[in-house]
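A.B. asks: Sharing a sequence plus its predicted fold:
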Amino acid sequence: MAAMYIAGILNKEGIKPEILEVTPGRSAVVARLRSAVMADPSKALLLVAHMDVVGVDKSKWTADPFGAVMKDGYLYGRGAIDDKGMLAANLAAFIALKRANVRLNRDVIFLATADEEQGGDASIKILIAKHWDKFAAGFALNEGGEVLLKNGKVQYVAVQASEKVPVNVAVIARGTSGHASRPTKGLCGDISNSLRPSKTMRSGSGCGLWMLPIAANTRRKWFRTRTRFGTQ
């Protein structure tokens with residue numbers, strides 16, 4: 001439904017959209033403003049945002065989650081921030097370029113995806129595997145960053161270059177092994193000097209970390225009320 005709605009807007013603006021089926025019942029929408037007869041994917045700019053939103057319990061909302069209600073200067077709606085706001089902004093910018101008949105030095109591609117995730121039946125991974133030639137681009141603008149407002153005025157626009165980048169860390173621990181569920185004297189070493197929890201006290205040796213008795217008593221009481229074995 002969202003894909004058809006967006007495609008309808010593009011058609012009214014004289015822009016030919018293409019609906020790309022990713023999985024039955026879920027599709028993406030792509031459209032292109034050309035800078036030349038022959039496209040150069042290495043220079044193309046992709047404006048991408050996702051159409052899907054998470055589920056909603058209407059009984060917990062003070063406004064219709066799908067009504068786009070304006071209240072006290074705010075827009076209420078499921079997905080208004082993630083990611084329909086950017087989707088609308090991308091669409092507006094794309095249409096503005098078309099209306100102004102801007103002479104482009106690269107293709108500008110509009111893409112509304114069915115799913116923001118990398119995995120899943122309608123994911124961007126599946127979309128790329130099936131239809132990469134439709135929106136191949138050297139540059140892309142996606143969600144991320146933030147716009148800071150103060151008294152209704154934009155203070156700055158932050159650009160997020162990347163996210164969820166994997167970092168591999170190698171840790172080597174030497175000494176007697178142990179388990180966090182049963183801290184033992186002499187196993188903590190220098191860790192006890194770096195952690196310094198606010199509600200712990202040190203053992204006489206200065207190595208182990210021990211919870212205050214009140215925590216242990218509270219835990220014992222909780223288990224006692226839920227077991228038929230009493231204090232055993």
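C.D. replies: That came through, no problem.
A.B. asks: Output the below-cut-off pLDDT ranges for the protein.
C.D. replies: The chain contains residues with pLDDT under 70 at 180-220, 222-223, 226-232.
A.B. asks: Of all the helix elements in it, which one is longest?
C.D. replies: Taking DSSP state H as the criterion, the chain has its longest helix at helix 85-99.
A.B. asks: Contacts for that helix next, please.
C.D. replies: Around helix 85-99, the neighbours that count as contacts under C-beta atoms under 8 Å, 6 or more residues apart in numbering are 6, 9-10, 13-15, 31, 33, 47-51, 104, 108, 110, 112, 141, 143. No exception for glycine: its C-beta is placed from N, CA and C like everyone else's.
A.B. asks: Buried among these? Make that a ChimeraX selection.
C.D. replies: Selection of buried members from these for ChimeraX, criterion 16 or more other C-beta atoms under 10 Å:
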select :6,10,15,31,33,47,48,49,50,51,108,110,112,141,143
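A.B. asks: What pairs with the next helix or strand after the longest helix of the chain, parallel or antiparallel?
C.D. replies: Using DSSP states H and E, the next helix or strand after helix 85-99 towards the C-terminus is strand 108-113. Strand 108-113 sits in its sheet next to strand 26-33 (antiparallel), strand 45-50 (parallel), going by DSSP bridges.
A.B. asks: tell me the SS of Thr176?
C.D. replies: coil (DSSP: H, G, I helix; E, B strand; the rest coil).
A.B. asks: what's the span of stretch 15-31 from first residue to last?
C.D. replies: End-to-end distance of stretch 15-31: 7 Å, with C-alpha to C-alpha, to the nearest Å as the criterion.
A.B. asks: Could you list the buried residues of it?
C.D. replies: Ile15, Pro17, Leu20, Val22, Arg26, Ser27, Ala28, Val29, Val30, Ala31.
A.B. asks: ok, now stretch 32-42?
C.D. replies: Within stretch 32-42, judged by 16+ other C-beta under 10 Å, the buried ones are Arg32, Leu33, Ser35, Ala39.
A.B. asks: the helices in the chain, which residues?
C.D. replies: Under DSSP H, the chain gives helices at 2-12, 85-99, 124-135, 191-195, 213-224.
A.B. asks: Could you tell me the angle between the longest helix of the chain and strand 45-50?
C.D. replies: Angle, helix 85-99 to strand 45-50, by axes from the mean of the first three to the mean of the last three C-alpha atoms, to 10 degrees: 140 degrees.
A.B. asks: burial count for Lys12?
C.D. replies: By other C-beta atoms under 10 Å, 9 other residues sit near Lys12.
A.B. asks: could you list every residue that touches the closest residue to Arg106 other than its chain neighbours?
C.D. replies: Of all residues not flanking Arg106 in the chain, Lys43 sits nearest, at 4.1 Å (C-beta to C-beta, 6 or more residues apart in numbering). Residues counted as contacts of Lys43 (C-beta under 8 Å, 6+ apart) are Asn105, Arg106, Asp107, Gly138, Phe139.
A.B. asks: so which of those comes closest to Gln160?
C.D. replies: Checking those against Gln160 with C-beta to C-beta, the nearest one is Phe139 at 14.6 Å.
A.B. asks: contacting residues for the closest one?
C.D. replies: Taking C-beta under 8 Å, 6+ apart, we find Phe139 in contact with Lys43, Ala44, Leu45, Leu46.
A.B. asks: Please verify my assumption that the last one contacts Trp132.
C.D. replies: By that I understand Leu46. No: counting by C-beta atoms under 8 Å, Leu46 does not reach Trp132; the two are 11.2 Å apart.
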